[in-house]
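Novice: Okay, structure incoming, though there's no sequence with it:
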């Protein structure tokens, strides 16, 4: 079973605006689905919930995202499971 690990791709949007997060996040997800990376991490920081909420809003709407959750060891990061077609 695949899982998120320290070798999984990570996007750091900490310090970005909520507007730029849209572009970075969508491209990052598309690229990782093409690369068949089932799990990725998104670093949004933990000082304010503004970026985390925006990231979660975008993940919820994205059809390539299977599920996501805040990393229990690092609340400034969300772990994302992507929808990967294993047959291609």
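Specialist: Cool, the structure landed. In this text, all values refer to a predicted model and were calculated from it rather than measured experimentally.
Novice: Can you check which helix is longest in this protein?
Specialist: Assignment by DSSP state H gives helix 18-34 as the longest helix of the chain.
Novice: Is the residue most central in space within the chain in a helix, a strand, or coil?
Specialist: In the chain, the residue lying closest to the centroid (Cα atoms, centre = their mean) is residue 42, at 4.1 Å. The local conformation at residue 42, judged by DSSP: H, G, I helix; E, B strand; the rest coil, is strand.
Novice: just checking, it touches residue 8?
Specialist: No: using Cβ atoms under 8 Å, residue 42 makes no contact with residue 8, being 10.9 Å away. Placement of C-beta: from N, CA and C, glycine included.
Novice: For the chain, which residues score under the pLDDT cut-off?
Specialist: Within the chain, the ranges that satisfy pLDDT under 70 run 1-2, 87-88.
Novice: Try it again at 80.
Specialist: 1-6, 47-48, 86-88 (pLDDT under 80).
Novice: So what's the residue count around residue 4?
Specialist: A count of nearby residues for residue 4, using other Cβ atoms under 10 Å, gives 19.
Novice: before we move on, back to that, for the longest helix of the chain, the distance to its chain's centre please.
Specialist: Remark: helix 18-34 is offset 8 Å from the chain centroid, using Cα atoms, centre = their mean, to the nearest Å.
Novice: Can you give me the buried ones in that helix?
Specialist: Judged by neighbour count using 16 or more other Cβ atoms under 10 Å, the buried positions of helix 18-34 are 21, 22, 24, 25, 28, 29, 32, 33.
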